[in-house]
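Trainee: below are the sequence and a predicted model for it; my questions follow.
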There are 2 protein chains.
Amino acid sequence: MSLRHALLGLLVEHPASGYDLLKLFEGSLANVWPASQSQIYTELTKLAADELITVSDTGPRGRKEYALTDAGRDELRRWLVDGPPERPARNPALLRVFFLGVLDQRQRAVVLDEMLDNATRDRAALEQIRDAVDWDDSDLSRYGRMALEWGLRFTAMRRDWAEWAAAQLD
Amino acid sequence: MSLRHALLGLLVEHPASGYDLLKLFEGSLANVWPASQSQIYTELTKLAADELITVSDTGPRGRKEYALTDAGRDELRRWLVDGPPERPARNPALLRVFFLGVLDQRQRAVVLDEMLDNATRDRAALEQIRDAVDWDDSDLSRYGRMALEWGLRFTAMRRDWAEWAAAQLD
DNA sequence: CTTAACATGTAATCTGTTACATGATTTC
DNA sequence: GAAATCATGTAACAGATTACATGTTAAG
């Protein structure tokens, strides 16, 4: 149930509408916590019902701007400090590696090559974000950059592994 | 819907019961694709209904042994070759990093330190698997070791990042 | 005037988690 | 004979995905 917390976290700096938040999820946050439009609107309604956020303003076209309440900020802090112990994430790509034996040698190489391409493409996308974003000295900027560095290292690791694995095939 | 394919993949080498498969999921596969008992039994029933597997034998205590059908093997191959494009996975740990700004400096350090611990612990668990498993030259052994190497590199990367990030805090 | 962007919401379906529920066999 | 392990199954609920459904305003 971390979508709640992602939304609370984004509302820390300033109020925003569901639409604004959707755009943030389509942007840099897509790499960390993808969420769909329907999910966001549904969760915002629940958060408001739980009084962790409130409608702080309404604009044209039925726009509703939400702001964090004190209870919401507390809940965010609580989650940050004693969030759930991470359990290992599902990894569809690695699952494929496990069963590579049922393919022939040529197809195996194709699968690993795709993984290399994915890693390379993902890395390029992150580098593009790194270069395009106007980083300031706000908290989100500071820690967003830290998260980005994680991504850069992760994609590099995937690339290096895919190269190593392809070499292992021979 | 990769649980299906994980089950199909495990049945490639030899038939197995739901209980056998459950044990495999609790073992090495837990790091790649965690699945619960109820999920496995439910999915096996569906796979049998779809004729991708069949009940090949029955034993004491209602034991049912499943074997892969030709259609099942085909489906596995299909998935391996043109499996779904990986979309970025959710990353609860990184989500926390994003919002580190709402905590005070001491708590931030605690969060990063926990991430370092997690990475170190996960790495130790994988090293233990590497040393304990009796690796042979079967396909599952060969490609399982490849997947394990991925995990070792991943945990090393997480450890290094956590150390770097903690240093950045100052 | 038409298109793109703004803006929100609901419903159906699927996947996964947790808990409940039951019973047989082996081992100590 | 008690406990551990083997062995399967269902139900309730939570979370996520996809599709449907609707309407406004700004810009060209």
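Mentor: Everything's here; your move.
Trainee: tell me the pLDDT at the spatially most central residue of chain A?
Mentor: Closest to where the C-alpha atoms of chain A average out (C-alpha atoms, centre = their mean) is residue A:32, at 1.5 Å. Predicted confidence (pLDDT) at residue A:32: the value is 91.
Trainee: contact partners of stretch A:15-28?
Mentor: The contact list for stretch A:15-28 (C-beta atoms under 8 Å, 6 or more residues apart in numbering or on different chains) reads A:6-7, A:10-11, A:33-35, A:37, A:40-41, A:44, A:56-57, A:59, A:63-68, A:129, A:133, A:144, A:148. (Glycine included, C-beta is placed from N, CA and C.)
Trainee: residue A:159: what's it in contact with?
Mentor: Shown in contact with residue A:159 (C-beta under 8 Å, 6+ apart): A:116, A:119-120, A:123.
Trainee: quick check, residue A:57 in a strand?
Mentor: Yes: Residue A:57: assigned to a strand according to DSSP: H, G, I helix; E, B strand; the rest coil.
Trainee: which single one of the contacts of residue A:159 is nearest to residue A:163?
Mentor: Set against residue A:163, the nearest of the contacts of residue A:159 by C-beta to C-beta is residue A:116 (6.5 Å).
Trainee: state the distance from the closest residue to that closest one other than its chain neighbours to residue A:136.
Mentor: Nearest residue to residue A:116 in three dimensions, chain neighbours excluded: residue A:162, at 3.8 Å (C-beta to C-beta, 6 or more residues apart in numbering or on different chains). As defined by C-beta to C-beta, to the nearest Å, residue A:162 lies at a distance of 35 Å from residue A:136.
Trainee: between the two, which one's more packed in?
Mentor: Per other C-beta atoms under 10 Å in any protein chain shown, whichever of residue A:162 and residue A:136 has more neighbours is residue A:162, with 23 against 8.
Trainee: right, and the more buried one touches residue A:111 too?
Mentor: No: using C-beta atoms under 8 Å, residue A:162 makes no contact with residue A:111, being 9.8 Å away.
Trainee: average pLDDT across stretch A:12-21?
Mentor: 94.
Trainee: and the end-to-end length of it?
Mentor: 12 Å (C-alpha to C-alpha, to the nearest Å).
Trainee: any residue of that stretch touching DNA strand C?
Mentor: Yes: counting by C-beta under 7 Å from any atom of the strand, DNA strand C is contacted by stretch A:12-21 at A:17-20.
Trainee: for stretch A:59-71, same thing?
Mentor: Yes: using C-beta under 7 Å from any atom of the strand, stretch A:59-71 comes into contact with DNA strand C via A:59-64.
Trainee: now stretch A:80-93: buried residues?
Mentor: For stretch A:80-93, burial by neighbour count (16 or more other C-beta atoms under 10 Å in any protein chain shown) applies to A:80, A:83, A:90-93.
Trainee: will you turn those residues into JSON lines that also has distance to chain B and pLDDT?
Mentor: Formatted as JSON lines, those follow (distance: C-beta to the nearest C-beta, whole Å; pLDDT from 0 to 100):
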{"residue": "A:80", "distance to chain B": "6", "pLDDT": "93"}
{"residue": "A:83", "distance to chain B": "6", "pLDDT": "74"}
{"residue": "A:90", "distance to chain B": "5", "pLDDT": "88"}
{"residue": "A:91", "distance to chain B": "5", "pLDDT": "89"}
{"residue": "A:92", "distance to chain B": "5", "pLDDT": "87"}
{"residue": "A:93", "distance to chain B": "5", "pLDDT": "87"}
